[in-house]
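Asks: sequence? don't have it. structure:
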């Protein structure tokens, strides 16, 4: 635990999310002061934007960065669409069926036009599309349309089939913000946080009013300015967010098989990361937090909407506070700071560290304990027919064979068995991993 450090130093010159600063100060850290410290005398460099390539070189043992290099392949909308399309073509559509059909315009305009016209002939005017600028966030520039004559854009955009049959709560659309930590790409090591956010639209879902963004978009940055943000909205309540814990209670109240849902979401996370994992350079002193946005339709099929780079850490409401402070604290635990890192000044003077950092962020061998070894597993209440349920409510330990290692509320979801462990230890063997995922997929469809 880094509480045993002499002190930890946060370096975040142009981006200081309040919650990160608060959590680290509570844990005894200090902000890096370049006037008082040596140039390399910092522990954690936190940025909202990407690091330069040179900043990944010559990291010292006590230093961590909060981004892996070259993850734009999943965090930019057009790159994600290309990579998912490529994997679907090479690995089969049965696994990569979790992303809506997408076209990158203007390059794919002819293909989009053909698909648009074909669907109109088959289904009539009941197919909807959503258009998003490829490199904007927070819902900016997004609109929904039916007829191609309504498609107007002045920059590179992605056009996707709009999931027009979303699961609703009290008539309101919502999506899930799932927090995923990639501790390492070499070997691939993935943790998913048990807590997350459920983000609601603030007006009731209505396909006859496509221009009403408060009914169709779930971005907090949009809905917090909506006219009904502070009003009571049926079961949703005030505001536009729930914690994931509250959502799990909702699922239970509806007799929904939550374990199967989380299994599918876990597969989405793993399959998405596999699209870039072989091409991400090894940088052992990096830990990355992604925000996966998942929409659930009325058939309880989860759909990947996008993957967020530097997911928002602002504290807009009580749900944010409940989720994000614990999330960041657990993320720091995953960084594996030790007392040696805290003695950096002494070590620097004694040993004159000048070499790039060795792999200190993960063990060379990852053990996967039996499920019975996970501390304090909780079980669901008795079902309505009086029979005891033996379904684990460790919500994101979502493959029955996961037997994941737990760090705070993070549960390791990859590797999830011996075969995937072996396939990720040296050079990542995507084929074997896909085979293992396909076995699980067939068991749960």
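Replies: Noted; the coordinates are in hand. Note that the structure is predicted; figures quoted are calculated from it, not measured.
Asks: low-confidence stretches in the stretch 201-350 of the chain?
Replies: 338-350 (pLDDT under 70).
Asks: helices along that one, start to end?
Replies: Assigned by DSSP state H, counting those that start in this stretch, the helices in the stretch 201-350 of the chain fall at 213-216, 220-223, 244-253, 258-274, 318-334, 339-342, 344-351.
Asks: would you turn these into CSV with distance to residue 117?
Replies: In this view, the C-beta of every residue, glycine as well, is placed from N, C-alpha and C. As requested, the helices of the stretch 201-350 of the chain are arranged in CSV below (distance: least, Cβ to Cβ, whole Å):
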stretch, distance to residue 117
helix 213-216, 24
helix 220-223, 31
helix 244-253, 39
helix 258-274, 30
helix 318-334, 43
helix 339-342, 60
helix 344-351, 63
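Asks: residue 73: which of these is closest?
Replies: helix 258-274 (9.8 Å; Cβ to Cβ).
Asks: just give me how far the closest one sits from the chain centre.
Replies: 11 Å (Cα atoms, centre = their mean, to the nearest Å).
Asks: helix 244-253 and that helix, what's the angle between them?
Replies: Interaxial angle, helix 258-274 versus helix 244-253 (axes from the mean of the first three to the mean of the last three Cα atoms, to 10 degrees): 130 degrees.
Asks: can you pull the buried residues of helix 258-274?
Replies: 258-259, 261-274 (16 or more other Cβ atoms under 10 Å).
Asks: circling back: which one of the helices of the stretch 201-350 of the chain lies closest to residue 107?
Replies: helix 258-274 (22.2 Å).
Asks: determine the set of other helices and strands touching that closest one.
Replies: helix 77-91, strand 172-185, strand 188-193, helix 244-253, strand 288-296, strand 302-309, strand 410-414, helix 430-443 (3 or more Cβ pairs under 8 Å, 6 or more residues apart in numbering; DSSP states H and E).
Asks: the second one pairs with which strands, parallel or anti?
Replies: Spelled out, it's strand 172-185. Strand 172-185 sits in its sheet next to strand 168-169 (antiparallel), strand 188-193 (antiparallel), strand 197-200 (antiparallel), strand 288-296 (antiparallel), going by DSSP bridges.
Asks: same list (the ones you listed) but as TSV, adding distance to residue 437 and mean neighbour count.
Replies: Converted to TSV, those look like this (distance: least, Cβ to Cβ, whole Å; neighbours: other Cβ atoms under 10 Å):
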stretch	distance to residue 437	mean neighbour count
strand 168-169	30	18
strand 188-193	13	25
strand 197-200	26	24
strand 288-296	16	21
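Asks: compare those strands and report which one is nearest to residue 100.
Replies: That would be strand 288-296 among those, by Cβ to Cβ, at 9.0 Å.
Asks: chain center to the closest one, what's the gap?
Replies: With Cα atoms, centre = their mean, you get 3 Å for strand 288-296.
Asks: angle of that strand against strand 302-309?
Replies: Put simply, strand 288-296 runs at 150 degrees to strand 302-309, going by the same axes, to 10 degrees.
Asks: got the angle for strand 288-296 vs helix 318-334?
Replies: Using the same axes, to 10 degrees, strand 288-296 lies at 140 degrees relative to helix 318-334.
Asks: what does strand 288-296 contact?
Replies: Outside strand 288-296, the residues that touch it by Cβ atoms under 8 Å, 6 or more residues apart in numbering are 66-68, 71, 74-75, 163, 166-167, 175-182, 261, 265, 268-269, 272, 302-312, 327, 331.
Asks: can you count the residues close to residue 21?
Replies: 16 (other Cβ atoms under 10 Å).
Asks: just checking, what packs against the helix or strand containing it?
Replies: Element membership of residue 21 [criterion: DSSP states H and E] is helix 18-26. Here helix 18-26 touches strand 9-11, helix 318-334, going by 3+ Cβ pairs under 8 Å, 6+ apart.
Asks: what's across from the residue lying closest to residue 142 once chain neighbours are set aside in the sheet?
Replies: Nearest non-adjacent residue to residue 142, counting by Cβ to Cβ, 6 or more residues apart in numbering: residue 132, 5.0 Å away. When bridges are called by DSSP bridges, residue 132 pairs up with residue 158.
Asks: ok, residue 132 - contacts?
Replies: Taking Cβ under 8 Å, 6+ apart, we find residue 132 in contact with 77, 141, 142, 157, 158, 159, 160.
Asks: how many residues are close by the fifth one?
Replies: If I follow you right, that is residue 158. Neighbour number of residue 158 under other Cβ under 10 Å is 21.
Asks: how about the contacts made by it?
Replies: Counting by Cβ under 8 Å, 6+ apart, residue 158 touches 77, 78, 81, 102, 103, 104, 105, 131, 132, 134.
Asks: got a list of what residue 312 touches?
Replies: Residue 312 neighbours (Cβ under 8 Å, 6+ apart): 138, 220, 221, 291.
Asks: from these, list the buried ones, please.
Replies: Applying 16+ other Cβ under 10 Å to the contacts of residue 312 flags 220, 291 as buried.
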